[in-house]
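1. with the sequence up front, the predicted model follows.
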Amino acid sequence: MFGVLGILLALTALIGGNYIGGGELSELYNPTAALIVVGGTLAAAVIQAPREDFTRAWQLFGWAFRPEPPDFNRGLEALREWCLLARRKGLIALELEASREQDPFVASGLQLLADGRPPEMIRSVLEVELVAREQRDLQAVRVIESLGGYAPTLGIIGTVLGLIQVMANLSDPQTLGQGIATAFVSTIYGVAAANLLLIPTANKIKRLVQGRAQYHEMLMEGLVYVAEGQNPEVIRQRLHGYLETGHAAAKTP
């Protein structure tokens, strides 16, 4: 919701500034310019990025505007419950917890515990999953960053095309002013899309990905401690530092 508020503030600033300067809202409306900027920017990204990265980029784009905060305290409490359950009923009891877990990363870790894998193997497997997912998402973020780089250029292209149309109709001087003004709308679209939406969103997603990685790293360490047979209170003390980094990190699901 906070991100949506930012977009609304940006639109208010643009439209309000144009109005205060004596402009009209209709002057900023140009479907042709929008088609050139949006269509051309997307086309450039499709050419650059593999299909998987492009698809993931749009999933992350939606995630940026509806994040749910990971509860580090709840994560620690879950680790405590899993540790107590393993002590009472054995590690095999965690297999049911793994089947109930919605987070694939956590489910994988619980299943490794239930299978009786050694702590070193659990850490190794989960570290690979953690790094692979983070790198995949950061690669997708680069697609959004590239959109922010292409949009201003496509805006300039739209402006040049508009000026070509203006120059082709020099025989009608009365329309020159309006034609030139309309041509520059493409530049506004491109620059505004890049600097008020695409680049800020890409930076936000990076923060979200890092915050989620910290949360999963905490759970990974906790699961390794459970495999080592550590006491629940000892586990909480060892992982308590993640609570501070969790408060400072971006709020992610």
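-> Noted; the coordinates are in hand.

2. pretty sure A98 contacts A107?
-> Yes. Checked against Cβ atoms under 8 Å, the pair A98 and A107 is within contact range at 4.9 Å. From N, CA and C alone the C-beta is placed, and that goes for glycine too.

3. list the buried ones in the helix or strand that contains G211?
-> G211 belongs to helix 199-227 when assigned by DSSP states H and E. Residues 199-202, 204-206, 208-227 are the ones in helix 199-227 that count as buried (16 or more other Cβ atoms under 10 Å).

4. also stretch 23-42?
-> So, applying 16+ other Cβ under 10 Å, buried residues of stretch 23-42: L28, N30, A33, I36, V37, V38, G40, T41.

5. out of those, which comes closest to E134?
-> Distance to E134 across the buried residues of stretch 23-42 (Cβ to Cβ) is lowest for T41, with 26.2 Å.

6. point me to the helix or strand that includes the closest one.
-> Going by DSSP H and E, T41 is part of helix 40-48.

7. how far is the helix or strand following that helix from where the chain is centred?
-> Moving toward the C-terminus from helix 40-48, the next helix or strand (DSSP H and E) is helix 51-63. Distance of helix 51-63 from its chain centroid, counting by Cα atoms, centre = their mean, to the nearest Å, is 8 Å.

8. quick check: phi and psi on the closest residue to L197 other than its chain neighbours?
-> Distance criterion Cβ to Cβ, 6 or more residues apart in numbering; nearest residue to L197, sequence neighbours excluded, is I7 at 6.7 Å. Main-chain torsions, I7, degrees, to the nearest 10: phi -60, psi -40.

9. so I7 touches A193, yeah?
-> No. With contact defined as Cβ under 8 Å, I7 does not reach A193; the gap is 11.0 Å.

10. comparing these two, which residue is more hemmed in?
-> Using other Cβ atoms under 10 Å, the more surrounded residue of I7 and A193 is A193, with 22 against 14.

11. for that one, what are its contacts?
-> Counting by Cβ atoms under 8 Å, 6 or more residues apart in numbering, A193 touches V37, V38, T41, G148, A151, G155.

12. now do 10 Å
-> A34, V37, V38, T41, L147, G148, Y150, A151, P152, L154, G155, I199 (Cβ atoms under 10 Å, 6 or more residues apart in numbering).

13. which one of these is nearest L243?
-> Closest to L243, out of all of the contacts of A193 and judged by Cβ to Cβ, is I199, at 31.2 Å.

14. pretty sure the closest one sits against L147.
-> Yes. Taking contacts as Cβ atoms under 10 Å, I199 lies within contact range of L147: 8.8 Å.

15. before we move on, which element is the nearest residue to V166 once chain neighbours are set aside in?
-> Using Cβ to Cβ, 6+ apart and skipping the chain neighbours, the partner closest in space to V166 is G179 (4.0 Å). Following DSSP H and E, the helix or strand that holds G179 is helix 176-183.

16. what about the helices in the stretch 1-150 of the chain?
-> 2-20, 31-34, 40-48, 51-63, 72-89, 94-100, 104-114, 119-167 (DSSP state H, counting those that start in this stretch).

17. avg pLDDT for the third one?
-> Spelled out, that is helix 40-48. Helix 40-48 shows a mean pLDDT of 93.

18. can I get that helix in CSV, CA atoms only?
-> What follows is helix 40-48, C-alpha atoms only, in CSV (Å, rounded to 0.1, in the frame of the first residue of the first chain):
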residue,chain,number,x,y,z
GLY,A,40,8.8,-0.3,-27.3
THR,A,41,10.1,-0.7,-23.7
LEU,A,42,8.5,-4.1,-23.3
ALA,A,43,9.7,-5.2,-26.7
ALA,A,44,13.3,-4.3,-25.8
ALA,A,45,13.0,-6.2,-22.5
VAL,A,46,11.6,-9.2,-24.2
ILE,A,47,14.5,-9.2,-26.7
GLN,A,48,17.0,-8.9,-23.9
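
19. low pLDDT regions in the protein?
-> Counting by pLDDT under 70, the chain shows low-confidence ranges at 1-3, 67, 173-175, 178, 245-253.
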